[in-house]
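Student: from the sequence below, what's the structure:
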Amino acid sequence: MAEIFFRTLPFFAIIGLGYWAGRSRFFTEEATAYLTRFVFYFPLSAMIFGFAANLSFAEVFDPTLILGYLAGTLAVYLLVTAVAMARGLDMPTAAVEAQCAAIGNVGFLGLPMMAILFGPASVAPMMVVLSVDLVVFSSLIVILINAGRGKGLGVATLKLVGLGLLKNPMILSIVAGLAWSASALPIPEPANDFLTILGGAATPGALFAIGASLASKSAERIRISGWLSFAKLVLHPACVAIAVLWLIPAAPFSAAVAIAAASLPVAGNVYMLAQHYGVAPHRASAAIFISTVVSIVTVPAVIAWVS
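Tutor: Predicted coordinates for the structure are as follows:
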């Protein structure tokens, strides 16, 4: 574990540097928002396209891994939803809490970290995890919030979900990359150099943006956010491990990567969705902050175990 800890430490050190920049106001909230937008739409998209263009559809479409990861994530999603309902929360608030427990920072933190720690072979299972998170659970929270507000599963809700998927640059990058791969055409050298240079900014930019965004978040409602952080950092990888190792066994390497991905802290886009809909943004913010800080220890522990 010590070796894994020191290998993951540079990632968290860059997050810490971003936190200092945001906390000291060297980076304002507006500057952080623009940096996040830049990374999300340009370097991260270039990196994902470059990864996907070197994969085949068969490598990404792994039914066993998809079902296993989906089952494990759905288990923790339903568990946290049940706890929220038992506490008397309404459906939209329960959906936000469940999202905190199920959606990790796969795009900004997970992809670059796993590619370095597990090597290029980890890209395909990470694409599976990212796709399930984006297509299934990012759609589910929109549906549940609208259903909880009496709008139901109407045309307007389905249109909102569909447009959200079509406008997501990570989904577009995966699809475009796989389409290029299917064409069997080589990427021209200038284009490949362009993707390499631009994609190279994804890892430091994304990690710095995570840290800077944490500076505007606070650890309010410790008991609730602590429970959500525990669910994300401990229960989620545990449920995924049970699913991909025993219930729906996947290939050992893919299973290890999926479990490691499940151990990542709460994703920042959960807060953006909570803020957009005006549903429990403070507890989502606190869960992101606490889970990211605690993950400095828990993520290396899980990676060491699956390794």
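
Student: contacting residues around the worst-scoring helix or strand of the chain on mean pLDDT?
Tutor: Least confident element among the helices and strands of the chain, by mean pLDDT, DSSP states H and E: helix 155-166 (a mean of 77). Applying CB atoms under 8 Å, 6 or more residues apart in numbering, the external contacts of helix 155-166 come out as 134-135, 138-139, 142-143, 146-147, 151, 171-172. In this view, the C-beta of every residue, glycine as well, is placed from N, C-alpha and C.

Student: can you check stretch 276-296 too?
Tutor: With contacts defined as CB under 8 Å, 6+ apart, stretch 276-296 is touched by 8, 12, 15, 92-93, 95-97, 99-100, 105, 145, 210, 214, 217-222, 224-226, 228-229, 232-233, 263-268, 270-271, 274-275.

Student: likewise stretch 8-25?
Tutor: 26-27, 29, 32, 109, 112-113, 117, 204, 207-216, 292, 295-296, 299-300, 303.

Student: can you say which of those residues are buried?
Tutor: Buried members of the contacts of stretch 8-25, counted by 16 or more other CB atoms under 10 Å: 27, 32, 109, 112-113, 117, 204, 207-215, 292, 295-296, 299-300, 303.

Student: for the protein, what's the longest helix?
Tutor: If you go by DSSP state H, the chain has its longest helix at helix 281-306.

Student: what mean pLDDT does it get?
Tutor: On average, the pLDDT along helix 281-306 is 93.

Student: tell me which residues of that helix come out buried.
Tutor: Residues 281-296, 298-304, 306 are the ones in helix 281-306 that count as buried (16+ other CB under 10 Å).

Student: immediately after the strand or helix carrying T93, which helix or strand?
Tutor: Per DSSP states H and E: T93 is located in helix 91-102. Per DSSP H and E, the first helix or strand lying C-terminal to helix 91-102 is helix 111-118.

Student: kindly export the helix or strand just after that following helix (C-alpha atoms) in PDB.
Tutor: Using DSSP H and E, the helix or strand that follows helix 111-118 in sequence is helix 123-132. Extracted C-alpha coordinates of helix 123-132, given in PDB (Å, rounded to 0.1, in the frame of the first residue of the first chain):
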ATOM      1  CA  VAL A 123      -8.600   2.500 -20.700                       C
ATOM      2  CA  ALA A 124     -11.200   0.100 -22.000                       C
ATOM      3  CA  PRO A 125     -12.800  -0.800 -18.600                       C
ATOM      4  CA  MET A 126     -12.600   2.800 -17.600                       C
ATOM      5  CA  MET A 127     -14.600   3.700 -20.700                       C
ATOM      6  CA  VAL A 128     -17.200   1.200 -19.600                       C
ATOM      7  CA  VAL A 129     -17.400   2.800 -16.100                       C
ATOM      8  CA  LEU A 130     -17.600   6.300 -17.600                       C
ATOM      9  CA  SER A 131     -20.300   5.300 -20.100                       C
ATOM     10  CA  VAL A 132     -22.500   3.600 -17.400                       C
END
